[in-house]
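Asks: Based on what follows, work out the 3D shape:
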Amino acid sequence: MATILYAEDDADMRRFFEKALENAGHNVIACSDGERALRALKFADGAFDLLLTDIMMPGIDGIELAKQAEILSPGIKVMFITGFAAVAMDDSQASEQTVLSKPVHLRQLVSEVDRLIAA
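Replies: Modelled structure (predicted):
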């Protein structure tokens, strides 16, 4: 399947979604914040198919992380998962990105990830 970089500062949610994506056959590298995810991107040399990131995180937020990911790994697909999508993204950004609003059912998460990977 796909290699996914997942950035989420909520530890319980991170473990829960990481396990669901792994059970669906994906290889997941989970990071607790944007800084760690950015370091993983810098050393991955294009190994990630998808960046799945929360938008609201301390330090480097998901939007900045996505911008850096597109520079470091051109062609990487980006999906946001957040409880604050309407506040954090303007209409032009939201139309260009896949955004899932929390709470998200595991089947919906896996389905959207699979759909984006296949696109």
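Asks: all contacts plus neighbour counts: C-alpha atoms, from now on.
Replies: Noted.
Asks: Where do the helices of this structure begin and end?
Replies: Applying DSSP state H to the chain gives helices spanning 11-23, 34-44, 62-72, 85-88, 91-96, 106-118.
Asks: What helices and strands are in contact with the second one?
Replies: Under the contact definition 3 or more Cα pairs under 8 Å, 6 or more residues apart in numbering; DSSP states H and E, helix 34-44 sits against strand 3-7, helix 62-72.
Asks: which parts of that helix are buried?
Replies: By 16 or more other Cα atoms under 10 Å, the buried positions in helix 34-44 come out as 34, 35, 37, 38, 40, 41.
Asks: tell me the contacts of the spatially most central residue of the chain?
Replies: The centroid of the chain falls nearest to residue 52 when counting by Cα atoms, centre = their mean (0.9 Å). By Cα atoms under 8 Å, 6 or more residues apart in numbering, the contact list for residue 52 reads 4, 5, 6, 7, 78, 79, 80, 81.
Asks: and which of the buried residues of helix 34-44 is nearest residue 15?
Replies: residue 37 (15.3 Å; Cα to Cα).
Asks: doesn't residue 5 make contact with that closest one?
Replies: Yes - the pair residue 37 and residue 5 passes the contact test of Cα atoms under 8 Å, sitting 7.1 Å apart.
Asks: who touches both of these two?
Replies: Common neighbours of residue 37 and residue 5 (Cα under 8 Å, 6+ apart) are 30, 31.
Asks: Show the pLDDT at residue 18.
Replies: What the model reports as pLDDT for residue 18 is 96.
Asks: Apologies, that question was intended for residue 3.
Replies: pLDDT, residue 3: 96.
Asks: thinking it is in contact with residue 44, fair?
Replies: No - judged on Cα under 8 Å, residue 3 makes no contact with residue 44 at a distance of 10.7 Å.
Asks: Much appreciated, bye for now.
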